[in-house]
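Chemist: After the sequence you'll find the predicted model.
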Amino acid sequence: MARRERVMRMSVELPLWRALSGYRVLTMLYAVGLFATAYDDYDRPGVAIAYFAVLFVWTLATLPRVQNAAACTKRFLTVDLAVALTGIVLTPFVVSDQHIQDSGPTLPSIWTAGSVLAFAIKGGWRWAAFASTPVAVANLIERGHPARDTVHNVILVWVASIAIGYVVEVARASERTLARALEIEAATRERERLARDIHDGVLQVLAMVQRRGAVLGGEAAELGRLAGEQEVALRTLVSGGLVPVSRVSEDLAEGAVVRLVEVPDQPAGSDGPLDLRTLLAPYAAARVALAEPGAPVLLEPAAARELAAAVGAALDNVRRHAGEEARAWILVEDEPGEVIVTVRDDGPGIPEGRLAQAEGEGRLGVAQSIRGRLRDLGGRAELISTPGQGTEVELTVPKAVAGKDSRR
C-alpha cells in the first residue's frame, strides 16, 4: 500500500533553547565586563585572561549545541559544566583576598547558571538537581566558608533550575497528549472519508443485491442474505475506524511530531501490541452488532487473541443454543487498567443448573473455552442469564497481567 504521510510539529521547548543560547552569550560578555571593571582586584590577571579566552571561544563555538535537545548531548553537558566549575575553583587563585571578602563574583559569574539550565531543559528537574550539586560545592570551596550570600546564590540556582526542569517535563507531557489527540482526530477524519467513499459504492451495491435477492427468491435469496451480512460487517468495520496511527512522538528535539501514515495491517507474528478491534471485527454480521471505542484497544498479542477466541466461543454458544435467528451484541470497553468485552443475546436464556449439568456431561464450552481462557490471562468471565431474557457474558482482562502472561 502506498504510504501517505503528513507531519505537524509543535514545541514549547524550542523557545527555551533559543533563550538559553542568548543567555549564554550575554552572561559570557557580562563576566568579561566584570573582569575588565575590577581588573585591579586580580593578583594573577594573566590566568584570568586565559580563562576568559577559553570561555569566549567555548561559548561561541558551542552555540549549535544548545539549539535543541538532540544536539545537547551528555558529553557536551559534562564538559560545559566542567568549564564552569573550573572557573569557580580558579577564582581564589587569581583574585585578591579582599575580593573574596567583599563577596566579589567568581570568574564565570552567572554564566554558570546557563550550564545548569542546559541540564534542566535536556533532562528535567532530576538532571537539574544533579548539576546544581557540584556547583554548590564549588562555590563553598571558592568562598572557604558558607557565607550568607553564597548560600543564597546556591539555593537560588538550585530552586530555579529544578523549577525550570519540572516545567519542561510538564510541557513535554502536554505535547504528547496533544499529539495523541491530533492523531485520533486525523484518524477520525480519514475514517469519515473512507466511510463516504464506501457508502457511495460498495455498500450501496451490497444493499441492492440483498433487496433483489429477496425479491427473486431461491438461490438468489441466499446470495442476497450473504450480501446483507457482508454489508453489515463492512459497515461495522468502517464505523469502527480500524485506521492505524502512530503512537510515538519522534525527534523530541523538535517537539512532538504527529504522524499519520497509511500502512498495512500488523502481521500476525508481530511482537507489538495488537488492536483488539481488528480481531473482533470479523464477528460482526447481520445479527451480531459490534460497538467499540474510536481509538485502538491495545493488548499483548497472546492476550488479544485469547480474548477474541473467548468472544468467538460465546457467539458459538449463542448460535448453538439460542438459534440462528437470535441477535447478539458485542460491547468493547477500554478502561485505564483493564479491557472489558460484553457479549449479550436475546435468546431464551439458560435454565438454572444447566451449566453445571453440561460440565458434568463433559461439555466444557463455557468452562474451558471461555472461563479457562480468561483465568489463564489473569482475568475473569461472568455469566448472567435469566430464562426468557437472554444471556450476558462479561469478559474482563487486566492490561498489566495480560501483558505479563503473554510474555511467558
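Modeler: Received the coordinates, thanks.
Chemist: Now V332, what are its backbone angles?
Modeler: phi -110, psi 130 (degrees, to the nearest 10).
Chemist: So it is in contact with V311, correct?
Modeler: No - at 9.2 Å, V332 does not count as touching V311 under the criterion of Cβ atoms under 8 Å. In this view, the C-beta of every residue, glycine as well, is placed from N, C-alpha and C.
Chemist: Give the residues shared as contacts by the two.
Modeler: L280, V341 (Cβ atoms under 8 Å, 6 or more residues apart in numbering).
Chemist: Between the two, which has more neighbouring residues?
Modeler: V311 (24 against 20; other Cβ atoms under 10 Å).
Chemist: how about low-confidence regions in the protein?
Modeler: 1-12, 145-150, 152, 191-192, 194-201, 203-204, 231, 233-271, 351-369, 401-408 (pLDDT under 70).
Chemist: please redo it, this time with the cut-off set to 50
Modeler: 1-9, 241-265, 267-268, 358-365, 367, 402-408 (pLDDT under 50).
Chemist: For it, which segments are assigned as helices?
Modeler: Assigned by DSSP state H, the chain shows helices spanning 14-37, 45-61, 74-94, 97-101, 111-123, 125-143, 148-198, 204-216, 219-240, 276-280, 301-317, 354-360, 373-376, 399-405.
Chemist: how about TSV for those helices, with distance to V343 added?
Modeler: Below are those laid out as TSV (distance: least, Cβ to Cβ, whole Å):
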stretch	distance to V343
helix 14-37	50
helix 45-61	66
helix 74-94	52
helix 97-101	79
helix 111-123	48
helix 125-143	47
helix 148-198	25
helix 204-216	25
helix 219-240	15
helix 276-280	10
helix 301-317	4
helix 354-360	15
helix 373-376	12
helix 399-405	18
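Chemist: which one of these is the most hemmed in?
Modeler: helix 111-123 (a mean of 25; mean count of other Cβ atoms under 10 Å).
Chemist: Give me the contact list for that helix.
Modeler: Under Cβ under 8 Å, 6+ apart, the answer for helix 111-123 is 13, 16-17, 20, 23-24, 27-28, 30-31, 55, 59, 66, 69, 72, 77, 80-81, 83-84, 87-88, 106, 127-128, 130-132, 135, 157, 160-162, 164-165, 168.
Chemist: so what's A227 up against?
Modeler: L206, A207, V209, Q210, G213.
Chemist: Just the closest of the residues you listed to V339, please.
Modeler: Nearest to V339, judged by Cβ to Cβ, of those is L206 at 31.2 Å.
Chemist: That closest one and V66, how far apart?
Modeler: 60 Å (Cβ to Cβ, to the nearest Å).
Chemist: swap in T37?
Modeler: Distance from T37 to V66, by Cβ to Cβ: 27 Å.
Chemist: what's the offset of stretch 328-348 from the middle of its chain?
Modeler: 26 Å (Cα atoms, centre = their mean, to the nearest Å).
Chemist: distance between the ends of it?
Modeler: 12 Å (Cα to Cα, to the nearest Å).
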